[in-house]
Structure formats: C-alpha cells, structure tokens
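Participant: Give me coordinates for this.
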Amino acid sequence: MKFVPRLLAGVSILCAVSCAAAISASAEGGYSERMRENLQRQVTDSVQSSDASFFSLFSDRKRPVVSEKPVQRAAPHPAERNIEPQSNEALPDDAALIYRPEELKPLSETRFSVPPPTDPLAASIYRQLQDPGTSIQVTPAERKAIIEAYAASDFKPLWTRSDGLTPRAAAVLKVLASSADDAMEPADYLPPVLGSYSDDLSAWLGDTDHLARLDLGLTAMALKYARHASSGRLIPDRLTGYNDLHPERVDPTQAMKVLAYSPFPDDWLAGLQPHHPAYSQLKKAYLELRDDPDAASATVIPDGKSISPGQSDDRIKLVRARLSRLGYPAGSPSPAGLAGLPPEARGRVAVDETQLDPGLVAVLKSFQEKSGLKADGILGHGTIKALNSQDPHRNLMRLALNMDRMRWLPKDMGTRHVFMNQAAYELRVIDHDQEIWRTKVIVGKPQTQTFAFHDEIEMVVFNPSWGVPQSIITKEMLPLLRKNPSYLDEEGYRVITPQGRIVKSSSIDWSVYSDKVPLSVQQPPGDDNALGEIKFLFPNAHDIYMHDTPTKNLFKKSMRAYSHGCVRVENPRDFASILMGVDRAEIDEAVDSGRSETVRLKHKVPVHLVYFTAWPEADGNIAYYDDIYGRDARMEKAYSAETIAAR
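Facilitator: Below is the predicted model of the structure:
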C-alpha cells in the first residue's frame, strides 16, 4: 500500500521535472549549421549520381527520393566531398589533456535582502549561509538553487528540527550511505559536519548551529548524489576529446522542489540511477564480485607451452577455477565416455582434473569467442592472457567504470536502435530491449579514434563514391605520388582541381606540395572503393559514418582498430535490410545494379557509438574487453582529481 501514496505525492513534482526537460530539449532541437554542412558534404556525391530507376525496387513503399538525376561523372565541388574521417590536424590531442573537475563554490551568500527569521533554527540557517568560510562546496547552479529555495521558504530547515533529524532526512542519509552498491563512493556524499554516517547526534539536541550546518550539508550532498546518479561522477567530454557526450543531468532547481516537498525523497534519489536493463546486470555482477570472499585469493595462471584438447597440465585446475568464477560451467571434469555410464558407476571412474577434456574444451571455446579470440579450444598464450585479464580486482574496477558510463547514455535510447560498442568491435540492433541482430565492426586506430556520441541514421547510400581526406592525401598518397605521378590514374582515382575540373595525376608536379595539397581526390564506386557497396549516414560534427569495406579479411582478427575513425560494417547488406525494412533480395538488386543512389529512411533510427569495456551477454555473463583507447585509465585518474577537488 506504500506505493500508492508515494506515487500520488510525486506526480505533480515529477511532471514539472519532465515538462522542464521537454522544453529544454525542444529549445535545443534541430541541426547546427556545421552539422548541416557536414551532412551536405557526405551526401552530395551520391545525390548527384542518383537514378530514379532504383526506387522502382521500393515503389510500393513510397520512399522519398533525394534526387532523380542520371548518373553524373563530372567532378563535384571540393566542398562536397564524402570524407572518412576529418583531417588529422583537427583530431583531439589527448596526450596534453588534463581532466578538469566540476567547478565548485562555497555555499554562501553574504547579503540577503530580507532580515533573519525569528525561528531559532531558521535563523541559524540564515547565518550559516552568510559564512564565506563554509566547508560546504557545490556547483554554481546548485548554489543558486539551494539559496533561492531556502530564501523562498523563510530559511526553514528541510531535514532537521530542534530534537534532531526528521524521518525524511534519515531515509536520504541511508541512500547516500548505500551508494557503494551502485559503485559510488559514500564518503563523497557525507555532509561535512558529520564524521561518519553512524554519528550519534544526541549531543546536538538544541544546538541550532550544528543542526543548521547539517541541514545545509545534507541538501548539498543530496543534490550532488542526484547529479552523479543522473549524469555520472565525471564529465565525459573532459576525459577525452573523442567523447562528444552530454548526459541528461537533473536540474538543481527542480531537484530542490522534489527534495523540499516530496514525502519520499529517498525513493526519488534512488530512482535516478540508470534504468537500462544492462545496468542491473552490471550491478548484480559488481555486488557478487565485491562480496565474494574468494575473490582476493584469485591466482594468476602461469604462461607456458600451449595445451591442446586431450592434453594434461597442472594449470588446467586454475583455468577451471577462473572460468567457474566468470560464470562458465567448467568446475567438473567430464572425460569422454563418462556420460555413457550409469549414474552409480560414474563416481568410481577416476577423472583427471588437469586434463583439457571435451567439456572444458567446449567452455573454453565459448570464452574465446566472447573474448574476440580464435575459438579453437587450445589453451595458448592469448587465451591465458585473456583469462588473467579477468583478475577479480581489475574486473571490479571495470564494472564500476562501466556502470558510471551507463549514466552517460540517453534516458531514452529509442525503442529500436543501433548500439555500436567500440571496445567490443561489435554492432547490435536492439528492438524493445532485445537484441535482434549483431555484426562485427572495424573502428578507428588509437591515433584516429572513433568518437563516442549519439545520433540518428537518416540515409543509406548504395554504391557510394569516396572523397579522400586531405590527411590521407598528404600523409599516405603524396609520398607515393612523388615517386610515381601516375599512381592515382593507375588505381582509378580522380584528381579534381579547385575549379572542379578532372585532371590526370600524371600531369601534376606532386613534388611542390608538402603539408597541404590544393586538389581533391575521389574514388568512384566500384569493387575496390574504400567505402565498399553501402554507406550509412547520420549527420554529426565529426564526419563519422558507417560503411562497407573491400578489406573483409580484417574482420577475422580479434583486434579490429584499423580505420581512420569511421565504422566499417562486416555485413552491410543485412544491416541495410534491417534499417530499411525490406527483404535482403531487394538490397542485393540495388547494390548489384552498380548505380549510385541515396535512400532516406522512412523513420530515423537512433544510433549510439559508445565505449564499454564490460557489457552483459544474453546468458547473463559479463563480457570484458580490452581498453583499446586507454579510456578506462583516464577515468581512474580522473576520479582521483575529483576527490582532491572536493576536499
């Protein structure tokens, strides 16, 4: 019965919060001028070479036509290139980046326009707010919201009374104290006037100054918890220049209304944690590992000679223990023939716990596949390294980091959306929280990383041309052209002057150029085109998109960070079929026609380019991935900076 009054009590307040968020989102809607320019640059080649006959394949679906011009072979203007990705000169320089914690200010206001209230406790709050030396530190927005809220209520306390804490305050303190269960630091939310969450407050009875400091401190810490629970403990864009993430943070003014008037502010605070299904799975794994008494005794598996199926080695015992700890059923040996014996005879059969038996081979293959390794069932150097990387202490930290990353995700991912995890080299299509399709991807190299951001896929381009970015022209092609000016002619590229005229590369004196080449280079559609058969466009400030690739062999590798920043998709035809809602045969016909064509999706599909080094699989086990871009390490270092700043 407790749920009903809580729901009714919070309806008006939560509606106000939702309305404010909607108004804010509306005000920020639409594309920026730069995003429009980037989209135009990405699609113009395809638009100029479109053909209306392609749409006869989908005529019954009435797809909007971007262009109905016949195939054009004239060169596009240089400003209308399809580029993959932006020039290296514009890429972030993370080596020089130092994390800057949230700006904090003392919770004080030296002058009020009203006299102090007559109530003793309210008068103490009034005086405490005027203390410039207060130890309570808050963000500027939180400072403004707190001072305005207290002033509007004549400085009445929110959490205290002359005889101590109210039940509401005790409930909120309990939420803050239990924040460790969400991989947060309870000490970060302890009101400064307290030494611990278990302090005896009986000595403070009637001490209005202490109670006033506790009231203000608890308000500040509740807002801090709300900020961290709703948008993360760190500011993602300050961790790396490759993060273009803007978490939806709770508005302090709206939060103050909930904290002041809701009878159950503890429920509201706890409810700010992510509601994504993956968060509860990560949290479950985190708590199990944190509370596992055997986790501290995990032993490193020694490296050595590879062990093939059927062979025995003392290290197999450690492998069984590690796999079992990771949730794989590998604890009991299962030699060949045991399954065929009657139950009463199985106990008399001697089993070898050091043997890589058929049952363990099957489990090992499953682990190898989920770790991006060749699933051969052989215990080699790579597999041992992967098993040792699952050190409980390291995994506990990785779970905590990725739980915090989940707070950066949009609250609404989209009923149907694309989820591309860079660290996993994997793309999934999600529909109503269920995975319906996945494929391997290739992402940016560490020096040309794929950006993390959220957008919407709007167009599918068949048989695209590729405008080579200046960074590739100057750093990769120019050295070859100095030796062989005909290189681009021989490889089938077009060289385009600033005036839009196509010329032969052999007619250019490439030796006169160094840092900047005042010419454009374009690769027409074809089997060798760098973008392959299909390209998937979503407007963004980073010139990032998804596309096919002629270098299919790279998908066989476990480490797939080879691109200049864009995302190469292993099965683009199937992906296009899912996005467009048509049969695979129709996609095949469109590609095989050889015509360049752009199709605008009937419904935009949200796409999330993210970075998670731990993520739950369908079977409930957590898959861990290498920190290919070093972003885990940056987060760990930034937490230290946050702690120092808070002090």
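Participant: low-confidence ranges in this structure?
Facilitator: By pLDDT under 70, the low-scoring segments of the chain are 1-90, 296-297, 330-351, 644-647.
Participant: try 50 this time
Facilitator: Scanning the chain for pLDDT under 50 picks out 1-89, 335-338, 341, 345-346, 348-349.
Participant: elements contacting the longest strand along the chain?
Facilitator: Identified as the longest strand of the chain according to DSSP state E is strand 597-610. Under the contact criterion of 3 or more C-beta pairs under 8 Å, 6 or more residues apart in numbering; DSSP states H and E, strand 597-610 touches helix 33-48, strand 416-421, strand 453-462, helix 572-580. For every residue, glycine as well, the C-beta is placed using N, CA and C.
Participant: Can you check what angle separates the helix or strand that comes right after the last one from helix 572-580?
Facilitator: The element immediately downstream of helix 572-580 (helix or strand, assigned by DSSP states H and E) is helix 584-592. Here helix 584-592 runs at an angle of 120 degrees relative to helix 572-580 (axes from the mean of the first three to the mean of the last three C-alpha atoms, to 10 degrees).
Participant: Report the distance from helix 584-592 to the chain centre.
Facilitator: 33 Å (C-alpha atoms, centre = their mean, to the nearest Å).
Participant: Now do that helix: which elements does it pack against?
Facilitator: helix 572-580.
Participant: what's the helix it packs on in contact with?
Facilitator: With C-beta atoms under 8 Å, 6 or more residues apart in numbering as the test, helix 572-580 has contacts from 58, 427, 429, 436-437, 439, 457, 460, 462, 532-534, 536, 546-548, 569, 583-584, 586-588, 591, 599, 601-602, 605.
Participant: Could I get the CA-only coordinates of it as CSV?
Facilitator: Extracted C-alpha coordinates of helix 572-580, given in CSV (Å, rounded to 0.1, in the frame of the first residue of the first chain):
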residue,chain,number,x,y,z
PRO,A,572,26.3,-4.1,-44.6
ARG,A,573,23.6,-5.7,-46.9
ASP,A,574,21.9,-7.3,-43.9
PHE,A,575,22.3,-4.1,-42.0
ALA,A,576,20.6,-2.1,-44.8
SER,A,577,17.8,-4.7,-45.0
ILE,A,578,17.1,-4.3,-41.3
LEU,A,579,17.3,-0.5,-41.3
MET,A,580,15.1,-0.1,-44.4
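Participant: Could you check how far it is from the centre of its chain?
Facilitator: For helix 572-580, the distance to the chain centre is 23 Å (C-alpha atoms, centre = their mean).
Participant: in that helix, what counts as buried?
Facilitator: The neighbour-count check on helix 572-580 (16 or more other C-beta atoms under 10 Å) flags 572-573, 575-580 as buried.
Participant: Show the backbone phi and psi for His547.
Facilitator: phi -160, psi 170 (degrees, to the nearest 10).
Participant: Next, the contact list for it, please.
Facilitator: His547 sits next to 84, 464, 531-532, 534-536, 566-569, 572 when contact means C-beta under 8 Å, 6+ apart.
Participant: what does Ile98 give?
Facilitator: For Ile98, the contact set (C-beta under 8 Å, 6+ apart) is empty.
Participant: Helix or strand for it, just tell me which one.
Facilitator: Using DSSP H and E, Ile98 is not contained in any helix or strand.
Participant: where's it relative to Gln137, distance?
Facilitator: According to C-beta to C-beta, to the nearest Å, Ile98 and Gln137 sit 20 Å apart.
Participant: same deal with Lys483?
Facilitator: In terms of C-beta to C-beta, Lys483 sits 62 Å off from Gln137.
Participant: quick one, which of the two is more surrounded?
Facilitator: Higher neighbour count among Lys483 and Gln137: Gln137, with 19 against 8, using other C-beta atoms under 10 Å.
Participant: For that one, give the beta-bridge partners.
Facilitator: Applying DSSP bridges to Gln137 gives these bridge partners: Pro106.
Participant: circling back to that earlier point, make a markdown table out of the contacts of His547 and add secondary structure and distance to Thr450.
Facilitator: Below are the contacts of His547 laid out as a markdown table (DSSP: H, G, I helix; E, B strand; the rest coil; distance: C-beta to C-beta, whole Å):
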| residue | secondary structure | distance to Thr450 |
| --- | --- | --- |
| Glu84 | coil | 11 |
| Pro464 | coil | 19 |
| Leu531 | coil | 16 |
| Gly532 | coil | 17 |
| Ile534 | strand | 18 |
| Lys535 | strand | 16 |
| Phe536 | strand | 14 |
| Cys566 | coil | 7 |
| Val567 | strand | 6 |
| Arg568 | strand | 10 |
| Val569 | strand | 13 |
| Pro572 | helix | 17 |
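Participant: Pick the one among those closest to Ile502.
Facilitator: Pro464 (18.2 Å; C-beta to C-beta).
Participant: so the closest one touches Ile534, yeah?
Facilitator: Yes - using C-beta atoms under 8 Å, Pro464 is in contact with Ile534, at 7.4 Å.
Participant: Of the two, give the one with the bigger neighbour count.
Facilitator: Shown here are Pro464 and Ile534; by other C-beta under 10 Å, Pro464 has more neighbours (30 against 21).
Participant: any idea how far Leu107 is from the residue lying closest to that one once chain neighbours are set aside?
Facilitator: With sequence-adjacent residues excluded and distances taken as C-beta to C-beta, 6 or more residues apart in numbering, Pro464 is closest to Lys535, at 4.4 Å. Distance, Lys535 to Leu107, by C-beta to C-beta: 52 Å.
Participant: out of those two, which sits in the more crowded spot?
Facilitator: Lys535 (30 against 23).
Participant: Hmm, the more buried one is touching Val461, no?
Facilitator: Yes - using C-beta under 8 Å, Lys535 is in contact with Val461, at 4.1 Å.
Participant: what's around Pro263, how many residues?
Facilitator: Neighbours of Pro263 (other C-beta under 10 Å): 14.
Participant: where's it, which helix or strand?
Facilitator: If you go by DSSP H and E, Pro263 is not part of any helix or strand.
Participant: let's have the chain start at 34 instead
Facilitator: Let's use 34 as the start, then, which means that last one is Pro296.
Participant: does it really touch Pro200, like I thought?
Facilitator: No - using C-beta under 8 Å, Pro296 makes no contact with Pro200, being 9.3 Å away.
Participant: tally of neighbours for Thr584?
Facilitator: 12.
Participant: check contacts around it.
Facilitator: Taking C-beta under 8 Å, 6+ apart as the criterion, Thr584 is in contact with 595, 601.
Participant: Torsion angles phi and psi at it?
Facilitator: phi -90, psi 70.
Participant: Distance check, it against Leu434.
Facilitator: Computed as C-beta to C-beta, the Thr584 to Leu434 distance reads 32 Å.
Participant: now swap in Asp660 and tell me
Facilitator: The gap separating Asp660 from Leu434 is 9 Å, by C-beta to C-beta.
Participant: More neighbours: these two, which one.
Facilitator: The neighbour comparison of Asp660 against Leu434 (other C-beta under 10 Å) goes to Leu434, with 22 against 17.
Participant: Quickly find the element holding that one.
Facilitator: Assigned by DSSP H and E, Leu434 falls in helix 425-439.
Participant: ok, so of the buried residues of helix 605-613, who is nearest Thr252?
Facilitator: Ranked by distance to Thr252 (C-beta to C-beta), those are led by Leu612 at 47.4 Å.
Participant: Pretty sure Leu198 sits against Trp192.
Facilitator: Yes - counting by C-beta under 8 Å, Trp192 is a contact partner of Leu198 at 6.3 Å.
Participant: Show me the common contact partners of these two, please.
Facilitator: Both Leu198 and Trp192 are in contact with Leu247, where contact means C-beta under 8 Å, 6+ apart.
Participant: neighbour-wise, which of these two wins?
Facilitator: Counted by other C-beta under 10 Å, Leu198 and Trp192 do not tie: Trp192 has more neighbours, with 24 against 19.
Participant: Next, the buried residues of the helix or strand containing Ala318.
Facilitator: Ala318 belongs to helix 310-323 when elements are defined using DSSP H and E. By 16+ other C-beta under 10 Å, the buried positions in helix 310-323 come out as 311-312, 314-316, 318-319, 322.
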